[in-house]
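[1] Next come a sequence and a model predicted from it.
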Protein chains: 2
Amino acid sequence: MGIKERHERERESVRRAILDAARDLFVREGYQHVSIRKIAERIEYSPAAIYSYFASKDDIFFALAEDGFQLLHGMAQATRPPDGASAIDTLRAMLMSMFRFSQRHPEHYNLMFVDRSVPRIRANYERFQFLIDMKRRMSTTVERCIAEGALPAGLDGHSTFRVLAASVHGAAALAISERLGPGESGEALAHDALSIALRGLATGYPLTFRACSPPDCPVGAPAAPVGAGTTRASVDA
Amino acid sequence: MGIKERHERERESVRRAILDAARDLFVREGYQHVSIRKIAERIEYSPAAIYSYFASKDDIFFALAEDGFQLLHGMAQATRPPDGASAIDTLRAMLMSMFRFSQRHPEHYNLMFVDRSVPRIRANYERFQFLIDMKRRMSTTVERCIAEGALPAGLDGHSTFRVLAASVHGAAALAISERLGPGESGEALAHDALSIALRGLATGYPLTFRACSPPDCPVGAPAAPVGAGTTRASVDA
DNA sequence: TGTGGTGGCTAAACAGCGTTCAGTAGTCTA
DNA sequence: TAGACTACTGAACGCTGTTTAGCCACCACA
């Protein structure tokens, strides 16, 4: 009996239509300005119909966030430098592809890394298991940089990556929230912030930041040092 | 005739009550979840009354943003290091005070530097004239760092400051949007990002990013280089 | 070939939102 | 005391996310 299968296909196709319409409208008009009614109108269904596919507007968000992370994952994979590229080039490429992702998919990026109003991704962490792979690949790349001598020994891969990503994230967040002046290039800002950070790391700066291990710190995880910097001396810290 | 003056005092007092209630509710519940009706209820007025003090909910935002920038201004002034402190210490203190401002006043910070839904500050730039002073002070401090030999010659003050601020902003934005894991310290992250960036700058990295001059780029301002980094080589860029 | 049952969909409604507007009550001016 | 002015309110408008009752087409089964 192929009837059930056909029904499932039809449901899946409507579900995809909802997501496609939502993504399209989000990118075009921004999340808050898109209503369930607009999405419904676009797919020529009633607003109530959407609620038999998604429990809430947030739920549509989650589904798109999942898509978003998959996209980022895809972009990160795609920008893998040619075989034999140095680890530091790979690290660069990874971080700049993250920046470009933010510019190409600002709504996704905003949802994933910026928006304070969205329900926490962490609450649905099991849906984002593949993120752990991404993080691991990035930490591993940092460790390869150390092995190849481009970064000094003693750096923790995951913490180092977080610090570098924070710098790039700063540029990305400023760019997508339109806090840069006219004529200011977010790409140049990200690029410089990253280059400077890599140079700084190369000088042997000892990190105080400690990243918790993915996917989540176990309860007894080592707490990061707090309050550093207020009583330290001068240039370095 | 003191009647007019009394009226003005009364109006000002209601205006302040609205702002106080709004700020309190924003910090407690987040901007989007605070309605005009809630603010009105808090001050025991009708919702319509508020519209004789502020043209819109956005306008309340603007007023609070103005407060926010004044607060930041105040904090920046207060954290001025003791007389005779090196320029690099001053620069550090400024940037870390920006970070602490973000943690102490996350709603303000979010409004000022993160939120994409808020109408552009730039549209009301004349209300934020003193920001230009802040920016100038910061550029000047970078130039003092160069004069004192802590940073290499040839750096543009304003652009350099923007790159440093972007790195700190990355940590601040991650922290206030709760994207850090449990036990991860935003302060440590900001501190490391800043230290690394300063070290990187000290190595003589030539910035490609060009800030436009405050308060706004004139129409014919030089465009920043675009697309850098994709075809550049290796470690530096 | 009828007959139930099931599930997808809609119209209508609910509560809440930002905002507007007509009208009122109270105060000040002349 | 009459008129003007001001601060304020109640009610409404059109929007939002979401829920509910009910319709209707389709499917399995007798």
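    Arrived safely, thanks for sending.
[2] Tell me how far the closest residue to DNA strand D within chain A lies from residue A:47.
    The nearest approach of chain A to DNA strand D comes at residue A:35, 2.9 Å away (CB to the nearest atom of the strand). The way it works is simple: take the backbone N, C-alpha and C, and place the C-beta from them, glycine included. Remark: distance between residue A:35 and residue A:47 (CB to CB, to the nearest Å) = 8 Å.
[3] I figured residue A:145 hits residue A:92, correct?
    No: the pair residue A:145 / residue A:92 is not scored as a contact, 9.9 Å apart, by CB atoms under 8 Å.
[4] for the residue of chain A found nearest chain B, what are its contacts?
    Closest residue of chain A to chain B, CB to the nearest CB: residue A:170 (2.9 Å). Neighbouring residues of residue A:170 by CB atoms under 8 Å, 6 or more residues apart in numbering or on different chains: A:193, B:165, B:166, B:167, B:168, B:169, B:170, B:171, B:173, B:193.
[5] Work out for me the element the fifth one sits within.
    Using DSSP states H and E, residue B:168 falls within helix B:157-176.
[6] That helix: what's the following helix or strand?
    helix B:186-202.
[7] and that next one, how far out from the chain's middle?
    Taking CA atoms, centre = their mean, to the nearest Å, one finds the center of helix B:186-202 at 18 Å from the center of the full chain.
[8] what do you get for stretch A:183-191?
    19 Å.
[9] now the residue lying closest to the residue of chain A closest to chain B once chain neighbours are set aside: how far from residue B:207?
    Nearest non-adjacent residue to residue A:170, counting by CB to CB, 6 or more residues apart in numbering or on different chains: residue B:170, 2.9 Å away. Noted for residue B:170: a distance of 17 Å to residue B:207, by CB to CB.
[10] can you check residue A:200 too?
    Residue A:200 is 14 Å from residue B:207, by CB to CB.
[11] Compare these two (neighbour count), which wins?
    Under the criterion of other CB atoms under 10 Å in any protein chain shown, the comparison of residue A:200 against residue B:207 puts residue A:200 first, with 27 against 21.
[12] The more buried one reaches residue B:198, doesn't it?
    Yes: using CB under 8 Å, residue A:200 is in contact with residue B:198, at 7.1 Å.
[13] The helix holding residue B:168 versus helix B:186-202: what angle between them?
    Using axes from the mean of the first three to the mean of the last three CA atoms, to 10 degrees, the inter-axis angle of helix B:157-176 relative to helix B:186-202 is 160 degrees.
[14] pLDDT on helix B:157-176, on average?
    The pLDDT scores in helix B:157-176 average 94.
[15] Centre of the chain to it, how far?
    Worked out by CA atoms, centre = their mean, helix B:157-176 lies 10 Å from the chain centre.
[16] and what of stretch A:54-71?
    14 Å.
[17] Repeat that for stretch A:153-161.
    With CA atoms, centre = their mean, you get 19 Å for stretch A:153-161.
[18] Next, the buried residues of it.
    A:155, A:156, A:157, A:158, A:159, A:160, A:161 (16 or more other CB atoms under 10 Å in any protein chain shown).
[19] Distance check, the fifth one against residue A:142.
    This means residue A:159. Taking CB to CB, one finds residue A:159 at 9 Å from residue A:142.
[20] same deal with the last one?
    Residue A:161 sits 5 Å away from residue A:142, taking CB to CB as the criterion.
[21] wait, residue A:150 sits on residue A:88?
    Yes: Residue A:150 is within contact range of residue A:88, at 4.1 Å (criterion: CB under 8 Å).
[22] give me the element the residue lying closest to residue A:91 once chain neighbours are set aside is part of.
    Nearest residue to residue A:91, sequence neighbours excluded (CB to CB, 6+ apart): residue A:141, at 5.0 Å. Assigned by DSSP H and E, residue A:141 falls within helix A:130-147.
[23] now for that helix, which elements pack on it?
    Where contact means 3 or more CB pairs under 8 Å, 6 or more residues apart in numbering or on different chains; DSSP states H and E, helix A:130-147 is packed against helix A:57-78, helix A:87-104, helix A:157-176.
[24] Done for today, thanks.
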